[in-house]
Each structure stands twice: as structure tokens, then as C-alpha cells.
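**Q** sequence and computational prediction follow.
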Amino acid sequence: MKSPELFRFPSSAELAEAAARQWLALLTKPPSAPQGVALLGGRIAGPLFAAFARRVSQQKASLAHAHFFWADERCVPPSSPDSNFALAERSLFRPLAMPPSQYHRVPGEEPPPRAAQLATDELRRIAPLNEQGQPVLDLVLLGMGEDGHVASLFPGESEGQIRDAAVYRPVTAAKPPPQRITLGYATLAAAREVWVLVAGAGKAEALSRALEGDVSLPLGRLLAMRSHTVVYTDSNL
């Protein structure tokens, strides 16, 4: 494990603006080959998506080569206020008039095993595969909870669950709504870029433990599996 790049900001708003700026720079960096991005949910997602959409509009940037997936999704219909897709549609896709062919939601209204399989098939259809058969996303955007969870990977999973090579898998979360679909550790580890946005009160202790190498926390385990990860935070460490 190499130490992640750590960027600190005075507020979550400034964090969102900086991450949006870097995200757009990454997506518009030539050559504009097809790029796969997995989106986050959580409180920071709305400000991030709004800042990103505003920058795309201001710069008249083309995102025609980009494809959007999700790091995790709740097992709810796409119109539900709990849906990560609904948040992205409202804050990102609709303002940018993005065609549906460029975003590939996890069908949370389906039974969880079927939803995970459909999402896996769709990601494998578009993203290149590495030698282990994992789809390689160009960028994964993640948040982190107060307990150190990322995507819907929570503390307390068995070694078998942690080592599961499934691309997407159903999980029962420690917080509502409990039924979710998440990318697994192996797919997160395979991504070219992973950026973790740690914003909001009460997260400094978990972030500090993860940065120190505590693999009992999902973020700590993910950092240990990757050679490069970027962390944006408004926490005072």
C-alpha cells in the first residue's frame, strides 16, 4: 500500500468544487477514448454533481465518450428518493441533457441477485477486462460513512464476502434501506482511479484509522489493496 494522495478543504462545498474540477479535467483529457465512471451516493453526491454539471455547461465540454455506472445502489425503484440513480438523474443527467445510452443504472427494483447480475453484465459489456476478468473502470467516485464504509461495503463482513470476486453483489447494509447492490473489493481495486470524498462531521476518526492502515474498516482495506487512491476531505485530522 502506498500512502494515498490526501487533499484537505475548509468546507464540503470547496471539496465538491475541487473534485468536480479535477473530474472534468480527467474526462476531457485527450485522447477522448470511451471512459467508464462509477458514481457515488450520499450527501456529498448532490453538491458534486451540481458543481460538475455547471462546469461542463460553462466550458461547453463534450462528454459523448463517457459512460456512467454506480458504485452502489439501494434496492428501490429508480423514482424512489432513496435511489442513487434518482439523485444523479436530477442533479447531473437532466441538467446536461445526457442521453440514456450513456448511463447504466443498477436495476434496484429487480430481485437483488438478478439486479447484481444485470449490472455486472452491463459493466462487462462496456468496460475492458483485466487478466483476472475484472472490468476496469477509469474512475470510481466514493464517499465514506462514519463507520468507514465505502460504496455499500460495511465493517464486519466475513473473509469470504471480502474476497468474493463478484463484480456487483447483493449486501444487507447496517443502515436503511438495508437491501443494496455494491461493487466488490476486487472491482474497486482494479479501477484506474479511485477518489474518496470524505465530507461531513463525525468522520475524522474513521478516516484517520483507515489512513493508518486499519483494514477492519472498508476504506482501510481498499487503500491496502490499491497502489494509488485520492482522498478529498473536509475533516481536521
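**A** Nice, thanks for sending it over. Values in this document were obtained by computation on a predicted structure and should not be read as measured data.
**Q** when you work out contacts or count neighbours from here on, use the C-alpha atoms and nothing else.
**A** Will do.
**Q** surely Gln35 meets Pro135?
**A** No. Using Cα atoms under 8 Å, Gln35 makes no contact with Pro135, being 11.9 Å away.
**Q** more neighbours: the two, which one.
**A** Pro135 (23 against 20; other Cα atoms under 10 Å).
**Q** bridged to the more buried one, which residues?
**A** Leu129 (DSSP bridges).
**Q** Leu188: what secondary structure?
**A** helix (DSSP: H, G, I helix; E, B strand; the rest coil).
**Q** straight-line length of stretch 205-224, end to end?
**A** The straight-line separation of the ends of stretch 205-224 (Cα to Cα, to the nearest Å) is 18 Å.
**Q** what about it, distance to the chain center?
**A** 17 Å (Cα atoms, centre = their mean, to the nearest Å).
**Q** before we move on, what about stretch 72-79?
**A** Stretch 72-79 has its C-alpha centroid displaced from the chain centroid by 15 Å (Cα atoms, centre = their mean).
**Q** how about it: buried residues?
**A** 72-78 (16 or more other Cα atoms under 10 Å).
**Q** same thing with stretch 51-67?
**A** Across stretch 51-67, burial judged by 16+ other Cα under 10 Å covers 51-56, 63, 66-67.
**Q** which members of those residues occur in strands, if any?
**A** Those of the buried residues of stretch 51-67 mapping onto strands are 66-67, per DSSP state E.
**Q** show me where this protein has its helices.
**A** Under the criterion DSSP state H, helices of the chain are mapped to 12-27, 45-59, 84-88, 112-126, 159-162, 185-190, 204-211, 218-225.
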